[in-house]
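Q: Coordinates only, no sequence provided:
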């Protein structure tokens, strides 16, 4: 008895049907701003050549601020469309 895998039969149908996706504008801008701030902090630390206590606290505050925005802002009604 020959076994035919379902994966082989699903791949051609998945290739024929492109899937679309979308991102809400608020989510896009929130994540873009958070990414830009984090990148700026990393580049600043790299330019100095070391990460001290202030840089470490800044990274921690950026992370906690991002989590607060992701969790807190939708509860306040921001970002709902």
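A: Cool, got the structure. Since the structure is predicted, the reported quantities are computational estimates derived from the model, not experimental observations.

Q: who are the neighbours in contact with residue 63?
A: Contacts for residue 63 (CB atoms under 8 Å, 6 or more residues apart in numbering) come out as none. Any C-beta I mention is one placed from the backbone N, CA and C, and that applies to glycine too.

Q: In terms of helix, strand or coil, where does it fall?
A: helix (DSSP: H, G, I helix; E, B strand; the rest coil).

Q: One more: residue 29?
A: Residue 29 - assigned by three-state DSSP - is helix.

Q: From residue 41, how far out is it?
A: 19 Å (CB to CB, to the nearest Å).

Q: Looking at the two, which one has more neighbours?
A: residue 41 (16 against 12; other CB atoms under 10 Å).

Q: Skipping adjacent residues, who's closest to that one in space?
A: residue 58 (5.6 Å; CB to CB, 6 or more residues apart in numbering).

Q: Per-residue pLDDT of that neighbour, please?
A: Reading off the confidence values, residue 58 has pLDDT 90.

Q: same deal with residue 11?
A: 55.

Q: What of residue 4?
A: At residue 4, pLDDT is 55.

Q: Distance from the chain centre to the helix or strand harbouring residue 70, please.
A: Assigned by DSSP states H and E, residue 70 belongs to helix 53-75. Computed by CA atoms, centre = their mean, to the nearest Å, the separation of helix 53-75 from the middle of its chain amounts to 14 Å.
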